[in-house]
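from the sequence below, what's the structure:
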Amino acid sequence: MTHNEKMRLYFKNRDISQKEISKKTGQAPAMISRYLSGASSFSSDFIAILIREFPDIDLNYIFSVKENNEANEPNELYGLTNEIIDKEMEIIQDKLAIVRKYLAQNRHKK
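Numbering: from 1, shown residues only. A predicted model of the protein is given here:
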């Protein structure tokens, strides 16, 4: 399952419409549609907004490349090993933790 399919499933399971996502994130409905269909890649700004507006979202799962999916099929073509991918995932998780902490601190200041 691709990351956009996982993201679409996250919102579907919570009965959150694309219109509601658009309203909470400030993104145009057409852009939300492109993100969830896989026509556009998620921007870093959009991901930061998702973390703030949907704190229960599990980006580690959504962007996981541990499963057999389209995101990790060509690993050999790019010289990626499981060890490299695991290290990159650790770096991403560390950065997400920093962003979550920053957002949590700023919520309390408002």
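
do you know how far the spatially most central residue of the chain is from residue 81?
The chain has residue 59 as the residue nearest its centroid, 4.7 Å off, counting by C-alpha atoms, centre = their mean. Distance of residue 59 to residue 81, computed by C-beta to C-beta, to the nearest Å: 23 Å. (Glycine included, C-beta is placed from N, CA and C.)

now residue 58
Following C-beta to C-beta, the distance that separates residue 58 from residue 81 is 25 Å.

helices of this structure, start to end?
3-13, 18-25, 29-37, 44-53, 59-62, 82-109 (DSSP state H).

can you tell me what sits against the second one?
The one in question is helix 18-25. Helix 18-25 has contacts (C-beta atoms under 8 Å, 6 or more residues apart in numbering) with 11, 27-29, 31-33, 36, 46, 49-50, 53-54.

next one: the fifth one
Contact with helix 59-62 is made by 3, 6-7, 10, 47, 50-51, 89, 92-93, 96, as judged by C-beta under 8 Å, 6+ apart.

now with 6 Å?
3, 6-7, 96 (C-beta atoms under 6 Å, 6 or more residues apart in numbering).

can I get these in CSV with neighbour count and distance to residue 19?
Shown next, in CSV, are the contacts of helix 59-62 (neighbours: other C-beta atoms under 10 Å; distance: C-beta to C-beta, whole Å):
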residue, neighbour count, distance to residue 19
3, 20, 22
6, 17, 20
7, 21, 16
96, 16, 27
